[in-house]
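*Asks:* Okay, structure incoming, though there's no sequence with it:
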């Protein structure tokens, strides 16, 4: 398996623009996690899905952020409108089932810069 | 006060040394993860613990649910172990340590 795939790897955009980050989990994994990492706040869990259903989105910072998982092999994280404070590395990870099922497998991350 | 506290924040060791990184948490959790982040930024999940002890090669992780404490041990440390180690505790909510930066000198 190719592992967790994220795209794009780098994104530079201007404030106010819409940004869409994409993730393809490992085939057979039922859980998908979106994380954000910044120097100031460290690693944070934004949202996670089980069987394509959002289970916990309490980490989503505000209404400008939305995440979808239309099927088992694809998820998106959208920011609209983007702001400079959204600049961060966004990681996607997948696992067989949930937080307690075992180790998670992380994608390479998307480095987002909002100017 | 942070719900998850890691110590030490920074650690420098000579190759071959035994290393311990600690993680204490103040909330109820269902599982705790140890993550390794290499200088290039990639993250690898090392362990998921809900009780007891796990071992992978030179790495050992333990958790004491009653004391709300977990440790990550590295035996016979090697320069390739140089990385940031992050503990992540979760149940109803999710909390992350600020990381321990480990440098192993040849």
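*Replies:* Alright, I've got the coordinates. All of these numbers come straight from a predicted model, not from anything done at the bench.
*Asks:* Quick one: neighbours of residue B:82, just the number.
*Replies:* 17 (other CB atoms under 10 Å in any protein chain shown). C-betas here are computed from N, CA, C, even on glycine.
*Asks:* how about stretch A:101-115 against chain B, any contact?
*Replies:* Yes. Using CB under 8 Å from any CB of the partner chain, stretch A:101-115 reaches chain B at A:101, A:102, A:103, A:104, A:105, A:106, A:108, A:109.
*Asks:* any idea how far the last one lies from residue A:6?
*Replies:* For residue A:109, the distance to residue A:6 under the criterion CB to CB, to the nearest Å works out to 6 Å.
*Asks:* out of the residues of stretch A:101-115 next to chain B, which are inside strands?
*Replies:* A:105, A:106 (DSSP state E).
*Asks:* Give me the lowest-pLDDT entry from the residues of stretch A:101-115 next to chain B.
*Replies:* Across the set of the residues of stretch A:101-115 next to chain B, residue A:101 stands lowest in pLDDT, at 77.
*Asks:* what's near enough to touch that one?
*Replies:* Residue A:101 makes contacts with A:31, A:95, B:48, as judged by CB atoms under 8 Å, 6 or more residues apart in numbering or on different chains.
*Asks:* Mind listing the shared neighbours of residue A:109 and residue A:6?
*Replies:* A:90, A:91.
*Asks:* Adjacent strands (with direction) for the helix or strand hosting residue A:78?
*Replies:* For residue A:78, the host element (DSSP states H and E) is strand A:74-79. Strand pairing for strand A:74-79, determined by DSSP bridges: strand A:19-24 (antiparallel), strand A:65-71 (antiparallel).
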